[in-house]
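# I need the structure of the sequence given here:
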Amino acid sequence: MKESEIIIAGEKAETASIKEISKKFCGELPQDGNIYYHEISENCLALISSVDVFIGNRVIGFGLDEKVTDNLIKEIKSFYKQNNKNKFFIQASPLENNADVRDLILQNEGEHQSNWVKLVKAPESKKFNNSGIAIRELREQDHEYVASFLLRSFSFPDELRPFCIYAFGKPGWINYVAMLDDKIAGTGSLYSRDGIAEIGIAATVEDARGKGVQSALINYRENIAFETGCRYLFVETAEPTATYPAHSYRNMIRLGFTELYRRPNYIFIL
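Purely as a prediction, here's the structure:
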C-alpha cells in the first residue's frame, strides 16, 4: 500500500473503533458521562460528552469522506454550539482533502493547540520474556478496578467512569490485563477490522511502572495481530517536545513502530 492508503486505512479503522465504544447521538446530549458520536459523514464523527475532556469533544475522520470546506467547519461549530458546548477540537490528518485545512480553520477562529503522533508497523511474531508478567483477557469483575486506574493515569475526572466501563468488551475490541504477582498491573486493548489493527486504552498501575508491563502488553497484542493476519498495526501517542518527553512515543519507537504523521489538534472556543 502507498503511504496515503495506509493513512486512510488507519483513519478509517480509528473511526470504526470509536463508533463501537461510543454511543450514537440521538438529538439530545445525556448528562451521563458517556461519549456520543454524531455522524458528519460515514467516516467523520463529531464526538460529544457531558464531561469536559478532550477525547469526548472532538472531530475525527476530518476530510476523510469529502473535501474540507468553510461550510463543513461552520456545520461542525453549529452542532457543538446547539448542544451547549463552549469548546471542541478538530483533529486533522494529512489527507489530500485537508490540503488547505489550516487556513480554513484559522479563518473560522480555530487555534492550533498540540499534535498527536500516529505510528505504524507490520505486525511480527513475538517471543516473550516478560519477567513474570502474565497476560489475560479482561473479566467483568475487573471493570471497576481497571476503570479507576485508567482514569487516574490520564487525569480524567471520575465523571468519565461510565464511558470507561461501557467501552470494555465491544465488538472488534479485545481488552487485556497484565498480571504481576497475581495482581492486575496494567491494561491494554486491541481493535482489529479488515486486516487493520490498532492498540489503545492502555495504562499501568502506579506502583508497577518501570517493570515492563506496557512492553509486555504491546508485544502480546502485536502477536495477536500477527496471528490473525493483520497487515498493519497502528498506535497514537502524545508528541515529544522539548518540555514533554512522551515516554510512550519512545517506547513505541523502541518496539519497532515508525512515525507515520503528526496530527494537529485545533481548538475552537465558542
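# I figured A246 hits M252, correct?
No: contact criterion CB atoms under 8 Å: A246 and M252 do not qualify, at 9.5 Å. No exception for glycine: its C-beta is placed from N, CA and C like everyone else's.
# when those two are compared, which one has more neighbours?
M252 (23 against 15; other CB atoms under 10 Å).
# would you mind measuring from the more buried one to L233?
10 Å (CB to CB, to the nearest Å).
# just name the shakiest helix or strand of this structure by mean pLDDT.
helix 247-254 (a mean of 92; mean pLDDT, DSSP states H and E).
# who are the packing partners of it?
If contacts are counted by 3 or more CB pairs under 8 Å, 6 or more residues apart in numbering; DSSP states H and E, helix 247-254 sits against strand 110-121, helix 213-227, strand 232-238.
# now these as TSV including mean neighbour count?
Formatted as TSV, the helices and strands packed on helix 247-254 follow (neighbours: other CB atoms under 10 Å):
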stretch	mean neighbour count
strand 110-121	18
helix 213-227	22
strand 232-238	21
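# possible to save the ones you listed as JSON lines with mean pLDDT and distance to L29?
Below are those laid out as JSON lines (pLDDT from 0 to 100; distance: least, CB to CB, whole Å):
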{"stretch": "strand 110-121", "mean pLDDT": "96", "distance to L29": "22"}
{"stretch": "helix 213-227", "mean pLDDT": "95", "distance to L29": "33"}
{"stretch": "strand 232-238", "mean pLDDT": "96", "distance to L29": "26"}
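# all helices for this structure, in order.
When assigned using DSSP state H, the helices of the chain occupy the ranges 3-21, 70-82, 101-107, 143-153, 161-167, 213-227, 247-254.
# my read is that I7 contacts Y261, right?
Yes: assessed by CB under 8 Å, I7 is found in contact with Y261 at 6.6 Å.
# who's more crowded, the two?
A count of neighbours by other CB under 10 Å puts I7 above the other of I7 and Y261, at 22 against 18.
# ok, now which ones touch the more buried one?
93-95, 118, 260-261 (CB atoms under 8 Å, 6 or more residues apart in numbering).
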